[in-house]
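Peer 1: coordinates only, sequence not included:
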Ligand code: ADP
Ligand code: ARG
């Protein structure tokens, strides 16, 4: 077991009375040092904030972290000791971030709400006064095939993020917790019935060849994501990380990458109905054995604010040669249908041989069915436009 505990992790393990930073040994209510953001952190924040502001970063962090908000939040901490720096470190170190923030723990979404709320509103169109709707998978059977003639869509995928109730997000997890969560999840996954039956493959010990093949085939998360690394989300890697999949690799679960779990249904072709049906059934099977973290306001809780709510990203790998002859135009048209365009190997990659990953952008403030329908209708519209060009 690692003895590499940070101060805040030790606090998490202490009984509340000992961990409390209110009321100090002198018997007064004077503010204990533990409540204060230390000088080193403040210095780093100030220097890196200035650099971000001087940069031409297009991130939502740069857009919404005004000096006023920065000054208000820079001295705040969550109960587990997370600071503004923990939330924005990734965006400060990667000026090419699209968003630039992660929540080190669920409480950060409220303690640093002056920043998160604005970013969430921009990304999902979800106002701070709103509440995420109850889970609703909808009339699953009415979703059909996006491309019955198989002219445009190479493959279809639906995934969601899930966090295990009772565990913090990546930056606060201990090595022991990673291993404990992996054990818990892999045991549940290996007991799934029917079409979900499969095997769990830990990253620790996997050969580089097999790992690369899984990545190249779009089944496994990539290695060394600098946005996650800066957010302190890759500690103890590859310990506690891995992938589960059924025999056909149509149902897969990533363990402890960006989120505790990423549950995925995918297959070649455009039959979104089949992919969504398998997805819903698989998520429900897992949900019977594992309690997922959910909040009244934000729905399913995830490490990145872009994934809150339904945490669903439904995508196609699609070739639209005429529409995509001008990438800016493709992105503009996609945005009209609330769709997001990514490259062939996922986020932060380029399209190879004209193969784009196009998915629903919003995940929060709408039901599961609405998220899938938004993607369905948008992709249908793009195909329609392509045919008319
Ligand atoms: P996520 O979907 O989990 O947010 P990424 O954008 O990094 O993360 O994508 C993860 C992997 O899933 C990448 O290899 C990407 O190519 C693959 N992928 C996404 N959508 C599809 C799809 N419709 N068909 C095949 N692979 C896909
Ligand atoms: N932090 C990265 C950025 O700002 C990723 C944001 C959304 N994607 C994600 N995988 N959470 O570009």
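Peer 2: Received, thanks. Quick caveat, the model's predicted, so the values are computed rather than measured. Numbering: from 1, shown residues only. Ligands and ions are numbered 1, 2, ... in the order given.

Peer 1: switch to C-alpha atoms for all contacts and neighbour counts from now on
Peer 2: Will do.

Peer 1: Longest helix in this structure, by number of residues?
Peer 2: Determined from DSSP state H, the single longest helix within the chain is helix 368-388.

Peer 1: pLDDT averaged over that helix - what is it?
Peer 2: Mean pLDDT, helix 368-388: 98.

Peer 1: what comes up buried for that helix?
Peer 2: 368-376, 378-379, 382-383, 386 (16 or more other CA atoms under 10 Å).

Peer 1: In a markdown table: the residues you listed, plus distance to ligand 1.
Peer 2: Output for those, formatted as a markdown table (distance: CA to the nearest ligand atom, whole Å):
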| residue | distance to ligand 1 |
| --- | --- |
| 368 | 16 |
| 369 | 18 |
| 370 | 18 |
| 371 | 14 |
| 372 | 13 |
| 373 | 15 |
| 374 | 15 |
| 375 | 12 |
| 376 | 12 |
| 378 | 14 |
| 379 | 12 |
| 382 | 15 |
| 383 | 15 |
| 386 | 18 |
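
Peer 1: nearest to residue 320, of those?
Peer 2: residue 386 (6.4 Å; CA to CA).

Peer 1: roughly how far apart are the closest one and residue 45?
Peer 2: Note on residue 386: its distance to residue 45, by CA to CA, to the nearest Å, is 47 Å.

Peer 1: Residues of the stretch 101-250 of the chain that sit close to ligand 2?
Peer 2: Applying CA under 6 Å from any ligand atom, we find that the stretch 101-250 of the chain lies next to ligand 2 at residue 227.

Peer 1: how about the helices in the stretch 101-250 of the chain?
Peer 2: Taking DSSP state H, counting those that start in this stretch, the helices of the stretch 101-250 of the chain run over residues 108-111, 113-124, 175-190, 208-216, 226-230.

Peer 1: ok, and the helix or strand in the chain with the lowest average confidence?
Peer 2: Within the chain, confidence by mean pLDDT, DSSP states H and E is lowest for helix 16-19 among all helices and strands, at a mean of 34.

Peer 1: shaky segments in this structure?
Peer 2: The model of the chain has pLDDT under 70 over residues 1-33.

Peer 1: Regarding it, what is its longest strand?
Peer 2: Assignment by DSSP state E gives strand 153-162 as the longest strand of the chain.

Peer 1: does ligand 1 sit close to it?
Peer 2: Yes - counting by CA under 6 Å from any ligand atom, ligand 1 is contacted by strand 153-162 at 155-157.

Peer 1: I'd like to know which of those residues are buried.
Peer 2: Of the residues of strand 153-162 next to ligand 1, these count as buried by 16+ other CA under 10 Å: 155-157.

Peer 1: can you redo the buried residues of helix 368-388 as JSON lines with distance to residue 70?
Peer 2: Converted to JSON lines, the buried residues of helix 368-388 look like this (distance: CA to CA, whole Å):
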{"residue": "368", "distance to residue 70": "34"}
{"residue": "369", "distance to residue 70": "37"}
{"residue": "370", "distance to residue 70": "35"}
{"residue": "371", "distance to residue 70": "33"}
{"residue": "372", "distance to residue 70": "36"}
{"residue": "373", "distance to residue 70": "38"}
{"residue": "374", "distance to residue 70": "35"}
{"residue": "375", "distance to residue 70": "36"}
{"residue": "376", "distance to residue 70": "39"}
{"residue": "378", "distance to residue 70": "37"}
{"residue": "379", "distance to residue 70": "39"}
{"residue": "382", "distance to residue 70": "40"}
{"residue": "383", "distance to residue 70": "44"}
{"residue": "386", "distance to residue 70": "45"}
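
Peer 1: And the closest residue to ligand 1 within the stretch 1-150 of the chain, how far from residue 380?
Peer 2: Using CA to the nearest ligand atom, the closest approach of the stretch 1-150 of the chain to ligand 1 is made by residue 146 at 11.8 Å. Separation of residue 146 from residue 380 (CA to CA): 6 Å.

Peer 1: same thing with residue 137?
Peer 2: According to CA to CA, residue 137 stands 20 Å off from residue 380.

Peer 1: try residue 115
Peer 2: From residue 115 to residue 380 the distance is 35 Å (CA to CA).

Peer 1: number of nearby residues for residue 151?
Peer 2: For residue 151, the neighbour count with other CA atoms under 10 Å is 13.
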